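Visitor: no FASTA, just this:
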């Protein structure tokens, strides 16, 4: 099965990390496609490590135009060779992800997203819904996002700890699986 983790850092910033816990089923080219439906009128201002496939209708914005205004964005990984200033760790493999059983280091894919109108506190952040993961093969089904204990980050010198504003986990299973294993990480 799959899990993806959404860590909401604050100020509309979130990091989405997908883990492929499949023993042998990897995702090959043309790679993964991730989608969801926003709870309200959120927009994506900027992305690193991925992009949406469509911008949508952003005509109500003047000057600064969002990356995507669609209520149901579809996200794809960037390709290898993407300029470093558009990358984050574990991105830019064209959506190709190995399985955990084959190589744990390459069984991960991440991207960063800057969201507008998403709420600014852990009480006002609205959870997206209707997550979808598409990839070559039989298809996947996604459960609802669950809010879990926020991640803590230790500074490099070890003298300060900061905390994410919120953290969500979405569990994904191949359509052919009867039972999902819950894995902790």
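Guide: Sure, I can see it. Just so it is clear, the model here is predicted, and its values are computed rather than measured.
Visitor: in the sheet, who's paired with residue 13?
Guide: Bridge pairing for residue 13 (DSSP bridges) gives the partners residue 10, residue 114.
Visitor: right, I mislabeled it, should have said residue 171
Guide: Using DSSP bridges, the bridge partners assigned to residue 171 are residue 3.
Visitor: any chance you could map the helices in this structure?
Guide: For the chain, helices defined by DSSP state H do not occur.
Visitor: Select the helix or strand of this structure having the lowest average pLDDT value.
Guide: strand 2-10 (a mean of 62; mean pLDDT, DSSP states H and E).
Visitor: Please name the residues that touch residue 70.
Guide: Residue 70 makes contact with 52, 54-56, according to CB atoms under 8 Å, 6 or more residues apart in numbering. Yep, even glycine has a C-beta here, placed from its N, CA and C like the rest.
Visitor: Angles on the backbone of it, please.
Guide: Per-residue torsions, residue 70: phi -70, psi 140 (degrees, to the nearest 10).
Visitor: separation between it and residue 16?
Guide: 16 Å (CB to CB, to the nearest Å).
Visitor: Same check on residue 173?
Guide: Distance of residue 173 to residue 16, given as CB to CB: 18 Å.
Visitor: So if I had to pick from those two, which one is more boxed in?
Guide: Neighbours per residue (other CB atoms under 10 Å) separate residue 173 from residue 16, with residue 16 holding more: 21 against 18.
Visitor: just checking, the more buried one touches residue 32?
Guide: No. Assessed by CB atoms under 8 Å, residue 16 is found out of contact with residue 32, at 11.3 Å.
Visitor: How about stretch 22-39, which residues are buried there?
Guide: 22, 25-27, 31-36, 38 (16 or more other CB atoms under 10 Å).
Visitor: Closest one of the residues you listed to residue 144?
Guide: Of all the buried residues of stretch 22-39, residue 36 has the smallest distance to residue 144: 10.7 Å, by CB to CB.
Visitor: tell me the contacts of the closest one?
Guide: With CB under 8 Å, 6+ apart, residue 36 has these contacts: 72-73, 128-132.
Visitor: make it 6 Å
Guide: Residue 36 sits next to 128, 131 when contact means CB atoms under 6 Å, 6 or more residues apart in numbering.
Visitor: Find me the pLDDT at it, would you?
Guide: Looking at residue 36, its pLDDT is 93.
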